[in-house]
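Trainee: any chance you could fold what I've pasted below:
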Amino acid sequence: MGKALPKYLLFVAAGWLAAATALGAAPAADTEVVEARLDNGLTVLVLEDGRAPVVANQVWYRVGSADEHSGITGISHMLEHMMFRGSEQFEPGEFSRVISRLGGRENAFTGRDYTGYHQVIGRDHWETVMAMEAERMQHLRLDEDEFQPEREVVKEERRLRVEDRPNALLREQLMATAFFNHPYGNPVIGWMTDIEAYTLDDLQQWYEHYYSPENAVVVVVGDVDAEAVIAAAEDHFGDIPNRPGPAAKPRAETPQNGERRITVRAPAEVPYLMMGWKVPVLNTLDSHEDAYALLVAAGLLDSGEASRFARDIVRGRELATATSARYSPFSRLDDLFQVAAVPASGVEVADLEEALQEEIARLRDEPVGAEELERVQAQVIASEVYQRDSVRSQAFLLGMLETSGVGWQEGDAFVDRVREVSAEDVQRVVREYLVPEQRTVGVLDPLPLDGEAPAPGAVDTYPDAPGGH
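Mentor: Got it, this is the predicted structure:
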C-alpha cells in the first residue's frame, strides 16, 4: 500500500475553498489518495473528502471498444446494459431500485479504454453498494429473455445518438477513415450490423474474459475512512477468483502517407467541418513534453472567447458560428488532435477550412507571446482541474487515469507540466504532428430535412462514451 498527495486534488480543494470562504463555510481538510492492491489483483483507490455526507463508489474495468474486433464492435457497451439485467442475488432492475431506495444515484458508461459503474450514495450506505458491485462482478446472470429487448434498446440508442445526429455521424465516419486497423476506428456503441448479430454466448465470453479483479479498479471518494474502505473491499472482493483474459494482440495503425477526405451527405440544417491529425499520447510517448504541448496548442486555438478561433474566425472574420479544438493525452493508444467548425451563413466550407489551417500555420511559424501562453495555460488548468469539485468527478478522474494505463499519479504532475510548456514546445509539436500527411478531413454536406434537426451552430462535443444504461 502506498500513499501520495496529488496536486490536482489540492487544486480542487483550493477552488472549492474560495467558494466556501465566500459563503462563510468551513474549509475542507487536505487528504491523501490511498492505494491498495488485493492478492487477487484488484486495485483499490480511496480519497477521504468529508465536506458532505456523501460517497462516490465506482468500479472500473479495463475493457472498452479498443479491445473489440470486427463482428463484435460495441459488445462492451452491450454488456454494460446487461449488468443491470439480473444476477444471482438481484432480479432484473433490482440493482437500480435498491440504490434508489437508499437515496442514491447510479449509472454506467462505456468508452474506448474502459467500462465503469458508479453510484453516489449517503455515507451510511457505501459498503452496501460495494457489496452489490462485488456480487455482479462474479455472478452476472445473462438471460435470453432479458437480452433480446435490451439489444433493441441499444439499437435505438445508436439511432438516436449517431444515425439521427449528423455531426455525430460525421465524426464516426471520420474516425473510421482516419484509422484503418487501429481500434479507435470502431465506434464505442458499435456498428449496427454487429449489434444485430450479438449472441448471448458472445456476451458471456466477454464477461468471463474481462470482468475479473485483476482487470478492475475500485474507486471510493467521500466521507469515508480509507482503512475501513480497504478492509471492506478485501471482505467483498478478496475471494473473487481471476478469470484469465485473452492475450492482447498488437494493433499498430497502418502508416498514413497522405491526407484523407470524406464527405457525408445527411439531413441537416448547416454544413459541418471536422479535421483530425494522428498524434501520440502519454502512453505512447517516451516522455510527457509533446503530450502537454499538444494540449496547450489545442487551448490556444479554442479555449474560450479570447482564444484564436473565437477571436479571429468567429468574431473577427465571421467565418464560423462555432468552433472547437480538442486533444486528450490520457487515452490508451495514439489518438487524433481534432478541430471542428460550423460555417457561418453564406460561407463556403473550403474557405472556412483554409482559415482554420491558417491559424494552425500561425502556431507553427510564429512563437506564442508570453502573455497569451500564460493565459491559455491557466485556462487549460482550470478546465481540467477546478471543475472536478464533486466526489463523483474526483473519483472519475482517478479511475480514468488508472484504467487508461496512465496511472492516477499523473494528476500529481498535471499542473506543473502544463505550466512548463514553452512557446518553442508548441511550435515543435505543431510542426511535427499537425502536418498534411497525418490529416483526415470530414465534411457534412447537408441534405433537405425531414422533420426536426439539431439546433444550428452546435458543435459536436466529441463524446467518448455512448452513455449509461
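Trainee: can you map out the strands along the protein?
Mentor: With DSSP state E, the ranges of strands along the chain come out as 2-4, 33-37, 43-48, 54-61, 105-110, 115-122, 216-222, 260-267, 272-279, 320-326, 335-343, 439-447.
Trainee: so for residue 73, which of these sits nearest?
Mentor: Proximity to residue 73 (Cβ to Cβ) singles out strand 105-110 among these, at 11.7 Å. Every C-beta, even on glycine, is put in place using the N, C-alpha and C of the backbone.
Trainee: just the CA atoms of the closest one, as CSV, please.
Mentor: Extracted in CSV, the C-alpha atoms of strand 105-110 (Å, rounded to 0.1, in the frame of the first residue of the first chain):
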residue,chain,number,x,y,z
ARG,A,105,-28.0,7.8,-7.8
GLU,A,106,-26.2,5.4,-10.2
ASN,A,107,-25.4,4.9,-13.8
ALA,A,108,-22.7,3.4,-16.1
PHE,A,109,-20.6,4.3,-19.1
THR,A,110,-18.5,2.7,-21.8
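Trainee: and that strand, which residues are buried?
Mentor: The neighbour-count criterion (16 or more other Cβ atoms under 10 Å) identifies 106-110 as the buried residues of strand 105-110.
Trainee: try stretch 161-178
Mentor: In stretch 161-178, the ones that count as buried by 16+ other Cβ under 10 Å are 161-162, 164-178.
Trainee: stretch 193-208 now?
Mentor: Neighbour counts over stretch 193-208 (16+ other Cβ under 10 Å) mark 194-195, 198, 202-203, 206-207 as buried.
Trainee: make JSON lines out of the residues you listed and add distance to residue 101 and pLDDT.
Mentor: Output for those, formatted as JSON lines (distance: Cβ to Cβ, whole Å; pLDDT from 0 to 100):
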{"residue": "194", "distance to residue 101": "36", "pLDDT": "98"}
{"residue": "195", "distance to residue 101": "32", "pLDDT": "98"}
{"residue": "198", "distance to residue 101": "32", "pLDDT": "98"}
{"residue": "202", "distance to residue 101": "33", "pLDDT": "97"}
{"residue": "203", "distance to residue 101": "28", "pLDDT": "98"}
{"residue": "206", "distance to residue 101": "30", "pLDDT": "97"}
{"residue": "207", "distance to residue 101": "27", "pLDDT": "98"}
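Trainee: now, the residues you listed that are in helices?
Mentor: If you go by DSSP state H, the buried residues of stretch 193-208 have 194-195, 202-203, 206-207 in helices.
Trainee: so where's this structure uncertain?
Mentor: 1-31, 387-388, 451-469 (pLDDT under 70).
Trainee: quickly list the domain ranges of it.
Mentor: 31-237, 260-447 (automatic domain parsing).
Trainee: distance to residue 246 added to the ones you listed, as TSV?
Mentor: TSV is the format used below for those (distance: least, Cβ to Cβ, whole Å):
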stretch	distance to residue 246
domain 31-237	6
domain 260-447	16
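Trainee: OK, contacts around residue 341?
Mentor: Residues in contact with residue 341 (Cβ atoms under 8 Å, 6 or more residues apart in numbering) are 272-273, 309, 313, 320, 322-324, 352, 356, 459.
Trainee: of those, closest to residue 294?
Mentor: residue 324 (15.2 Å).
Trainee: look up how far residue 299 lies from the closest one.
Mentor: Per Cβ to Cβ, to the nearest Å, residue 324 is found 12 Å from residue 299.
Trainee: try residue 420
Mentor: 14 Å.
Trainee: for residue 425, same thing?
Mentor: Distance of residue 425 to residue 299, computed by Cβ to Cβ: 13 Å.
Trainee: and if you look at residue 439?
Mentor: Taken as Cβ to Cβ, the span from residue 439 to residue 299 is 20 Å.
Trainee: the more surrounded of these two?
Mentor: Applying other Cβ atoms under 10 Å to residue 439 and residue 299 shows that residue 299 carries more neighbours, namely 27 against 22.
Trainee: what residues does that one make contact with?
Mentor: Residue 299 touches 307, 325, 376-377, 379-380, 383, counting by Cβ under 8 Å, 6+ apart.
Trainee: same question, residue 362
Mentor: With Cβ under 8 Å, 6+ apart, residue 362 has these contacts: residue 308.
Trainee: what do you get for the one 4 residues further on?
Mentor: Listed by Cβ under 8 Å, 6+ apart, residue 366 has no contact partners.
Trainee: could you rerun that using 10 Å?
Mentor: Neighbour list for residue 366: 423, 427 [criterion: Cβ atoms under 10 Å, 6 or more residues apart in numbering].
Trainee: is it true that residue 352 touches residue 343?
Mentor: Yes - Residue 352 is in contact with residue 343 according to Cβ atoms under 10 Å; the separation is 4.6 Å.
Trainee: give me the common contacts of those two.
Mentor: Taking Cβ under 10 Å, 6+ apart as the criterion, residue 352 and residue 343 both touch 271, 273, 319-320.
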